[in-house]
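Asker: Below is the sequence, then the predicted model.
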Amino acid sequence: MLKSLLIFLTLGTFIPSPRTVAPWAQEDKRAREVFVTPYLAENSREVPTVIVCPGGSYHWLDVKGEGVEVAEWLQKNGINAVLLQYRTAGFNSYFWHYRYVARGTRHPDMICDLQRTIRYLRENSDSLGIDPGRVGVMGFSAGGHLAMTSACYSTVDYTDLKAGLSEVCLRPDFVAAIYPVVTMKGDYVHKRSRRGLLGEWGKYSSKKKDEMSIEENIPADCPPVFLINCKDDPVVDWHNSVILDKALTDAGVSHKYILYETGRHGFGVSDVYGSPECRKWRDEFINWLNELYE
């Protein structure tokens, strides 16, 4: 328990910025904790935009290492970034299991927040100065599961705003899944992420586990996917990405999969964490994205 407390205190839940907005605070009181922060490149209208979804097992967010640092790295490389701090189950739910008797935060709150962000960016692309036709998602760990969920369920509108259903496309134009959680069942499941996403009762539901197992729900129109992980990952079993790679291949989805031998988990774009081998993913992603839009 002490280890989990230290992790939570290290990760935090919110890092403010002068650019940060809470777009849905007036329309949805539960979304007052959802924050969007743009990090736009100088030629923002001419480059892709990447929504960054930090990981944290759907219980909390690594806002610094897999959020702010990633967004700043993308911006420095001439790519628009938008950091999304989406709703999570929270510290209390991890320790006290109160969602046995109260709803708390759980699916579909997380995908709702991501779809609202895609909607927000495309509906406000002129004022933001971005190209609405080049909006993708990059997610880490549980955030990688969320990113892939947006690709799998883009035809289901979870946005649920007073303004009505979205009139813009909710499908991301590309997805980058970095050491992602993928399956919600079997030997490779990351149980903490499953509990964070589905709740104390939902984790027992075969239907919900099937619906949220990415490998079983790849659509025919799935956008291109960039996928990496490490064989020595001690947190999310490395086979998660293997089964996702197979599912994408079987569905004929354009994707690039890189399996590194070393790097472990949670390294983000750090020059310190991970390994020299896994840090190559940064250049690999930029090259892949450039090839996608050359």
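Answerer: Yep, it's here.
Asker: the helices in the stretch 101-250 of the chain, which residues?
Answerer: For the stretch 101-250 of the chain, the helices defined by DSSP state H, counting those that start in this stretch cover 109-123, 125-128, 142-152, 191-202, 206-211, 239-250.
Asker: I'd like those helices as TSV, with distance to residue 159 and mean neighbour count appended.
Answerer: All C-beta spots, glycine's among them, are computed from the backbone N, C-alpha and C. Output for the helices of the stretch 101-250 of the chain, formatted as TSV (distance: least, Cβ to Cβ, whole Å; neighbours: other Cβ atoms under 10 Å):
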stretch	distance to residue 159	mean neighbour count
helix 109-123	5	23
helix 125-128	16	14
helix 142-152	12	28
helix 191-202	18	21
helix 206-211	18	14
helix 239-250	26	19
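Asker: Redo these as a markdown table? Include mean pLDDT and distance to residue 94.
Answerer: Listed next are the helices of the stretch 101-250 of the chain as a markdown table, based on pLDDT from 0 to 100; distance: least, Cβ to Cβ, whole Å:
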| stretch | mean pLDDT | distance to residue 94 |
| --- | --- | --- |
| helix 109-123 | 96 | 15 |
| helix 125-128 | 96 | 35 |
| helix 142-152 | 98 | 13 |
| helix 191-202 | 95 | 8 |
| helix 206-211 | 97 | 19 |
| helix 239-250 | 98 | 21 |
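Asker: So for residue 219, which of those sits nearest?
Answerer: Nearest of the helices of the stretch 101-250 of the chain to residue 219, taken as Cβ to Cβ: helix 142-152 at 6.0 Å.
Asker: could I get the helices of the stretch 101-250 of the chain as JSON lines with distance to residue 79?
Answerer: Shown next, in JSON lines, are the helices of the stretch 101-250 of the chain (distance: least, Cβ to Cβ, whole Å):
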{"stretch": "helix 109-123", "distance to residue 79": "14"}
{"stretch": "helix 125-128", "distance to residue 79": "15"}
{"stretch": "helix 142-152", "distance to residue 79": "16"}
{"stretch": "helix 191-202", "distance to residue 79": "27"}
{"stretch": "helix 206-211", "distance to residue 79": "32"}
{"stretch": "helix 239-250", "distance to residue 79": "23"}
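Asker: so which of those comes closest to residue 24?
Answerer: Closest among the helices of the stretch 101-250 of the chain, using Cβ to Cβ: helix 109-123, at 6.1 Å.
Asker: mind saving the C-alpha coords of that closest one as CSV?
Answerer: Extracted C-alpha coordinates of helix 109-123, given in CSV (Å, rounded to 0.1, in the frame of the first residue of the first chain):
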residue,chain,number,x,y,z
ASP,A,109,-16.3,8.4,-18.9
MET,A,110,-12.8,8.1,-20.2
ILE,A,111,-13.7,7.5,-23.9
CYS,A,112,-16.3,10.3,-23.5
ASP,A,113,-13.5,12.7,-22.5
LEU,A,114,-11.3,11.7,-25.4
GLN,A,115,-14.1,11.9,-27.9
ARG,A,116,-15.1,15.3,-26.6
THR,A,117,-11.5,16.4,-27.1
ILE,A,118,-11.5,15.2,-30.7
ARG,A,119,-14.9,17.0,-31.2
TYR,A,120,-13.6,20.1,-29.6
LEU,A,121,-10.5,20.3,-31.8
ARG,A,122,-12.4,19.7,-35.0
GLU,A,123,-15.2,22.1,-34.2
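Asker: now what about it, what contacts it?
Answerer: Where contact means Cβ atoms under 8 Å, 6 or more residues apart in numbering, the residues beyond helix 109-123 that reach it are 23-24, 30-31, 34, 36, 49, 51, 53, 58, 82, 84, 86-88, 128, 130, 132, 135, 137, 146-147, 149-150, 153, 157-161, 166, 168-170, 172, 197.
Asker: Ok, which of the helices of the stretch 101-250 of the chain comes nearest residue 272?
Answerer: helix 142-152 (20.4 Å).
Asker: okay, that closest one in PDB with CA atoms only?
Answerer: Output of helix 142-152 as PDB, limited to C-alpha atoms (Å, rounded to 0.1, in the frame of the first residue of the first chain):
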ATOM      1  CA  ALA A 142      -3.800   2.600 -20.000                       C
ATOM      2  CA  GLY A 143      -3.800   5.700 -22.100                       C
ATOM      3  CA  GLY A 144      -2.800   3.500 -25.000                       C
ATOM      4  CA  HIS A 145      -5.800   1.400 -24.400                       C
ATOM      5  CA  LEU A 146      -7.900   4.600 -24.400                       C
ATOM      6  CA  ALA A 147      -6.300   5.700 -27.700                       C
ATOM      7  CA  MET A 148      -7.100   2.400 -29.300                       C
ATOM      8  CA  THR A 149     -10.700   2.500 -27.900                       C
ATOM      9  CA  SER A 150     -11.200   5.800 -29.800                       C
ATOM     10  CA  ALA A 151     -10.200   4.000 -33.000                       C
ATOM     11  CA  CYS A 152     -12.400   0.900 -32.300                       C
END
